[in-house]
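Enquirer: quick check, what structure comes out for this input:
(4 chains)
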Protein chains: 4
Amino acid sequence: MYCFNSDYTEGCHPAILEKLIATNMVQTTGYGMDAYCDEARQLVKEACNRPDADVHLLVGGTQTNLVVISAALRPHQAVLASFPSHINTHEAGAIEHGGHRVIPLHTDDGKLTASQIEAEWIKYDTDPAREHWAQPKLVYISQSTEVGSMYSKAELEALYAVCKKYGLYLFIDGARLGYALGSPDSDLTLEDVANNCDVFYIGGTKCGLLFGEAVVILNNALKPDFRSIAKQNGAILAKGRLLGIQFGVVMKNNMYIEICRHAVEQAYKVRDAFLANGFKFITESPTNQQFVILTPAQYEKLSQEFVLSLIEYLPDGNYSVRICTSWATKDEEVDRLIAMIPEL
Amino acid sequence: MYCFNSDYTEGCHPAILEKLIATNMVQTTGYGMDAYCDEARQLVKEACNRPDADVHLLVGGTQTNLVVISAALRPHQAVLASFPSHINTHEAGAIEHGGHRVIPLHTDDGKLTASQIEAEWIKYDTDPAREHWAQPKLVYISQSTEVGSMYSKAELEALYAVCKKYGLYLFIDGARLGYALGSPDSDLTLEDVANNCDVFYIGGTKCGLLFGEAVVILNNALKPDFRSIAKQNGAILAKGRLLGIQFGVVMKNNMYIEICRHAVEQAYKVRDAFLANGFKFITESPTNQQFVILTPAQYEKLSQEFVLSLIEYLPDGNYSVRICTSWATKDEEVDRLIAMIPEL
Amino acid sequence: MYCFNSDYTEGCHPAILEKLIATNMVQTTGYGMDAYCDEARQLVKEACNRPDADVHLLVGGTQTNLVVISAALRPHQAVLASFPSHINTHEAGAIEHGGHRVIPLHTDDGKLTASQIEAEWIKYDTDPAREHWAQPKLVYISQSTEVGSMYSKAELEALYAVCKKYGLYLFIDGARLGYALGSPDSDLTLEDVANNCDVFYIGGTKCGLLFGEAVVILNNALKPDFRSIAKQNGAILAKGRLLGIQFGVVMKNNMYIEICRHAVEQAYKVRDAFLANGFKFITESPTNQQFVILTPAQYEKLSQEFVLSLIEYLPDGNYSVRICTSWATKDEEVDRLIAMIPEL
Amino acid sequence: MYCFNSDYTEGCHPAILEKLIATNMVQTTGYGMDAYCDEARQLVKEACNRPDADVHLLVGGTQTNLVVISAALRPHQAVLASFPSHINTHEAGAIEHGGHRVIPLHTDDGKLTASQIEAEWIKYDTDPAREHWAQPKLVYISQSTEVGSMYSKAELEALYAVCKKYGLYLFIDGARLGYALGSPDSDLTLEDVANNCDVFYIGGTKCGLLFGEAVVILNNALKPDFRSIAKQNGAILAKGRLLGIQFGVVMKNNMYIEICRHAVEQAYKVRDAFLANGFKFITESPTNQQFVILTPAQYEKLSQEFVLSLIEYLPDGNYSVRICTSWATKDEEVDRLIAMIPEL
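Expert: Below you'll find the model as predicted:
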């Protein structure tokens, strides 16, 4: 059995492990104030070409979402997010526990549009009794999205322009940012991302690290006392060096994007094989997650050899099945999977 | 100009005012521990025929919703409510500020159905990773609803049966309970309400009191330390007697329902006049709120004589306009309104 | 039996009641957007000589404290308050429920000092790991205090100077502000109060109204979206007019202070009679609350005629007993109490 | 320069690192549902001799404290803790952010006593207006404490007996549990700990792991939906296996306690050397943290060779300095430190 069900089934990329081994007995101060973290933060700023950014290294995605949102919003302010967004689904109500409403918006492809955001703001702002409503203040998007799609540069610029126009924050959940930036179909650079939002993060957990998310704060209004907010949410790792060491490895030589690019290329091979055999997909995905439609029998057959992720029972009786690649995906397993497709 | 825009445009029913005047200089202890409150709580229990109930007198509706939900739920637990429900719209995110997600559900007529609730629970409960989701635990409904509709006895029994089956709480926002119980088309008694939910409240603010909502807790699990939770939310009125005195008046001789019945009868006169002249309504309402569809010109014309509530700009260019009656609505003003309808 | 146990044992001052009666059937819009509220807010601004202030009319003290603090602070920020302060004792953890630590500080007389605040800030600010601590940001004081003392003009100016020096907010709980401003020993005017803090409130509940607290926001940073925060906490009264009407009465012709002055004069008569008979007090109080030390037998004897408030069992076996006067205290009852003192 | 300032200056014990290396490319499911976590949880239950316990593997101490307390308490309930306790000092107000008051209690030696807890409960419970107070419900203690002391078996039994008597929860923060159980002066076993509280944790971060805290829930009332609460607080590590692997190593063969015992022995050598040279300590500590009193000059001199932790400026001008040992402390560095002491 080989796992294609998610992109965090292994430990970490061997290069990271090596560095953890090499530094294990070095003594450092705690809580991210060590030299490894300093270096990692510097590398992130350089990769973004934003020396003015504040960079913070946190442990996981849900944690990062709740810390960023807690730092950004006053109590009556809410988050605009798509229905399938991570904060509206798989975070057990973390944002609401922090006191903020998530206002779910319709999406067909996992993405929000600038005009959608504008309409939501205007609806709120023009209500003569607007103080009776939660105030939309932060727009949360994922890049790549939970359904495998990704924003183009033009889409992102349009979103950010609307946010700036109405004083909204744009926050990009980059848990899978590497798989977007590494997609052969992407027209975005890391620098573009940094220049088109108020805060985002470079996801490590799903992109080759043991764990870790690097928050990049561009908007000065979001910088003060961020560490206090993180500490208050239990998000400051005592041995913060572990984060600095890991990001220090992948932020050098474009490694973060390169290893993700490899994963997307593997995903494309799988996608193309399904397409060539007439299968359909839930969405067209240019990233490492492919949502293919299988009959129960097809799913059963594939599941005898591979662990897959059954996402949804479709109304017509078929299944939406996620196939996920990563930095660790082996060529021979991709080949073995592809070989089975014509026989399904 | 006469106001038909809401049911809280005046002070209070004259009988209540009289009692407030008569008792003004009587000395009592504070925080609802006085004899007037004791009497009011007793009267509520008798009217519900539930001597086992706990009754608490709070000040307003949003406050009551947030206190009840704070008392009922653990942090990861969420509320199921319709999209147009008060807690999902006009409470500025109060429930989320208290830490809980409101899961909005589709409705055509403002009401939730038993099968909808069952489906939501099963979707959660059968997810192998259910701990990644906010847990549906409390079902919030309004009687009468925000769009004027009301639950029948059968509908309410079905909802409560599903809730009990799956360990969910059923909470009825009764801000306008009087207008449901007083509707000529209602088949529900106050006793029926009490026997078909875990907690509800008898709304005073919109039904003739200066202010006040009487919470009736039926489920023993929701009783402990309710006053602590209320105090913590600033919901224990120092001169609690004011609540006891007011509810003491209306809970005698069925006055609460009688004055609301009169309001619904006035609303029916208005409704019938519009219907007789070919107007359409957003929903069919058996209560004191009527949502009639007017052209902008018709709305303008009526607004020269009456204050109405413009609820929504409809896609076809028309307006959804709320006309609201109350215990205070004057016959002659209803007649004057009706007289204008044929000329619109 | 006559009650001297608190200053909110009756309804409201007759002049207020009259106005409530006279306006009862007038139709107004809700939520504090009516003409009565407009007038009351204007009167408050004039009385403070601060046309730039924002004024909001809320219902009760705990509610006001939690709303103001929720509006003022980010999640990691804390409140500095004395140990016996209302928010640290009798509010059931309301401030913490809103997410903020209350840092209790020692006091002998119920008051905080400028040097105490400075020391707390410096301790925090000079800690190299200050982000591990809750950040002191708002100083909460009560005027008059929970133990009957009051701040002089010089003390208040010193406190505010320190707050401004370190970027802290000064918030004055004025639930009993009238009894301080009305004290024969006060050197403070309402204008002085407004000019020496960031936000305060004029307490109505304990000073002659049925209920109501008028929040006065001086610092622009605290003004945005205050109504949203209030609504979110269930603190916007639907029939807000009731607050406007009441404050409209007492804010005219210095009535608010005059009726409280009368109460303090009554308290002084009681205090002087106890002193003349050799009794001791817990604190020296220039306001309407007197905390006299009685033996159990003395307390029992007085309690046969009067309701008093037993505050604390003292280590030596005696009792600390609060005697409280108000706008409603009757001369003949004060005389009757005084007459009993020599016989205790 | 060698670090004696804390017990988390290195990575992890070599045996743990080896296992992480060996398992790095093994594929597992996420979120702690893998076989390594299953094994670790089983080992913890066996070590505690409590097959009925629920065990959860979280990442860090502040995180664990806030999750456990969030799972245990209703909104009006508060925590009793010593003034120097971690939750009352170095967690940036995390518990209050979660909605709960921390009630700080006086301590001379870092420990709470059974009689103190009893007095606090009775004070609350006998107040006729107890609902105006935050309700003490959970007693939080640290073993070993923040000032190096530790509870004896008798002290712990007495505390737990009082908690059970009054329906309070006893929660032991075991961030440094190994240094207490490993102390030559301890009369407690891990089983004793498990049998004398409702919930505790076995601290990994400060006891040789890269990170990780193993929560052990004994009281059934605290078990339901604990994972939901953890997830909601961002405390479920995606690659949960990392926690399972690490605890799997140290929970075998008593390794957790053995490596901590070695650290305490090193601390004793340092302590004895200071004592032999006439130095005084802030507290008598039988664990790995020693708080010695140094003059500024002595501190400066030692600081040229060793990183120490300056904890407090004492009123007499001296410093309280923490010297901390760990599993990683080297004999030769201890010897070098000891050699300097006579020359200070």
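Enquirer: ok, now which ones touch A:G204?
Expert: Contacts for A:G204 (C-beta atoms under 8 Å, 6 or more residues apart in numbering or on different chains) come out as A:211-214, A:243, A:246-247, A:250. C-beta coordinates here come from the backbone N, C-alpha and C atoms, glycine included.
Enquirer: repeat that for A:Y140.
Expert: When contacts are counted by C-beta under 8 Å, 6+ apart, A:Y140 touches A:65, A:69, A:79-81, A:85, A:87, A:102, A:171, A:173.
Enquirer: check whether the longest helix seen in chain A contacts chain D.
Expert: The single longest helix within chain A, with elements called by DSSP state H, is helix A:255-276. No. For helix A:255-276, no contact with chain D is found by C-beta under 8 Å from any C-beta of the partner chain; the gap never falls below 14.5 Å.
Enquirer: what sits up against the next helix-or-strand element following that helix?
Expert: Remark: after helix A:255-276, the chain's next helix or strand is strand A:289-294, criterion DSSP states H and E. Identification of contacts with strand A:289-294 by C-beta under 8 Å, 6+ apart yields A:7, A:144, A:147-148, A:176, A:179, A:267, A:270-271, A:274, A:279-283, A:285, A:302, A:311, A:314, A:318-324, A:344.
Enquirer: pull strand A:289-294 out as CSV, backbone CA atoms only.
Expert: Taking Å, rounded to 0.1, in the frame of the first residue of the first chain, the C-alpha atoms of strand A:289-294 are listed here in CSV:
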residue,chain,number,x,y,z
GLN,A,289,-4.3,17.9,-5.4
GLN,A,290,-6.4,16.2,-8.1
PHE,A,291,-10.1,15.5,-7.4
VAL,A,292,-11.1,12.7,-9.7
ILE,A,293,-14.5,11.2,-10.0
LEU,A,294,-14.6,7.4,-9.5
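Enquirer: run the angle between it and helix A:255-276 for me.
Expert: 20 degrees (axes from the mean of the first three to the mean of the last three C-alpha atoms, to 10 degrees).
Enquirer: quick check: mean pLDDT of whichever helix or strand comes after strand A:289-294?
Expert: Per DSSP H and E, strand A:289-294 leads on to helix A:296-303 as the next helix or strand towards the C-terminus. The average pLDDT within helix A:296-303 is 98.
Enquirer: what pairs with whichever helix or strand comes after helix A:296-303, parallel or antiparallel?
Expert: Scanning forward in sequence from helix A:296-303 by DSSP H and E, the next helix or strand is strand A:306-307. Strand pairing for strand A:306-307, determined by DSSP bridges: strand A:2-3 (parallel).
Enquirer: chain center to the strand it pairs with: distance?
Expert: 22 Å (C-alpha atoms, centre = their mean, to the nearest Å).
Enquirer: in the next helix-or-strand element following it, what's buried?
Expert: Once the chain leaves strand A:2-3, the next helix or strand it forms, by DSSP H and E, is helix A:14-23. Across helix A:14-23, burial judged by 16 or more other C-beta atoms under 10 Å in any protein chain shown covers A:16-17, A:19-20, A:23.
Enquirer: out of the residues you listed, who's near chain B?
Expert: Among the buried residues of helix A:14-23, no residue lies close to chain B (C-beta under 8 Å from any C-beta).
Enquirer: closest one to chain C out of the residues you listed, please.
Expert: Chain C lies nearest to A:T23 out of the buried residues of helix A:14-23, by C-beta to the nearest C-beta, at 22.9 Å.
Enquirer: which ones are touching that closest one?
Expert: With the criterion set at C-beta under 8 Å, 6+ apart, A:T23 makes contact with A:36, A:241, A:245, D:11.
Enquirer: tell me the pLDDT at the last one?
Expert: The one in question is D:G11. Here the pLDDT value assigned to D:G11 is 98.
Enquirer: and if you look at the one 10 residues further on?
Expert: We note a pLDDT of 98 for D:I21 in this prediction.
Enquirer: follow-up on the earlier one: among the contacts of strand A:289-294, name the buried ones.
Expert: For these, buried by 16+ other C-beta under 10 Å: A:7, A:144, A:147-148, A:176, A:179, A:267, A:270-271, A:274, A:279, A:282-283, A:285, A:302, A:318-324.
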